[in-house]
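Student: Here's a sequence, model it:
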Amino acid sequence: MPGALIQVDRGNQEVLSTLKVAFDKGEVVDVPTGVIGQAWRNPDRQALLSRTLKRCKEVDLDGPTARAGGQLCGRAATSDVIDASVALAVAYAQRLGDEVTLLTSDSGELRILLSVLDARARIVEV
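Tutor: Now for the predicted structure:
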């Protein structure tokens, strides 16, 4: 997902269009807060990213989620807790019955993490 936010920040029309369609349909766009931290650098120059994030639902990376992410990394033999928090958010949304589309620049690791969780998402590489 950080790749998607970076692409939003760069004005990538394909990513912006994908998000606009989701917003227009009333779909909830979840963004884990750790992912925001990976993309947030200079708010004075990130107006497009800021406006986009205002339309998203921020998913907190709290203590229990961080611990679950660390355990997931251990089970998946990966190391990126932020990617793990994304996978956990996908699994949670799926348990609620939501169909999930995941915009990412790191599909390889996310596929591994989702597999360990037995979670599914339509993955769109950005």
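Student: neighbours around residue 61, how many?
Tutor: Using other Cβ atoms under 10 Å, residue 61 has 21 neighbouring residues. (Each C-beta comes from the backbone N, C-alpha and C, glycine too.)
Student: try residue 14
Tutor: When neighbours are counted by other Cβ under 10 Å, residue 14 comes out with 11.
Student: That one: what's it in contact with?
Tutor: With contact set as Cβ atoms under 8 Å, 6 or more residues apart in numbering, residue 14 has these partners: 7, 126.
Student: Look up the pLDDT of it for me, please.
Tutor: Per-residue pLDDT puts residue 14 at 95.
Student: Just say helix, strand or coil for the closest residue to residue 39 other than its chain neighbours.
Tutor: In space, and not counting its chain neighbours, residue 39 is closest to residue 5: 3.7 Å by Cβ to Cβ, 6 or more residues apart in numbering. Secondary structure state of residue 5, per DSSP: H, G, I helix; E, B strand; the rest coil, is helix.
Student: residue ranges for the helices of this structure, please.
Tutor: In the chain, helices defined by DSSP state H lie at 2-9, 13-24, 33-39, 47-54, 63-76, 81-95, 107-117, listed in chain order.
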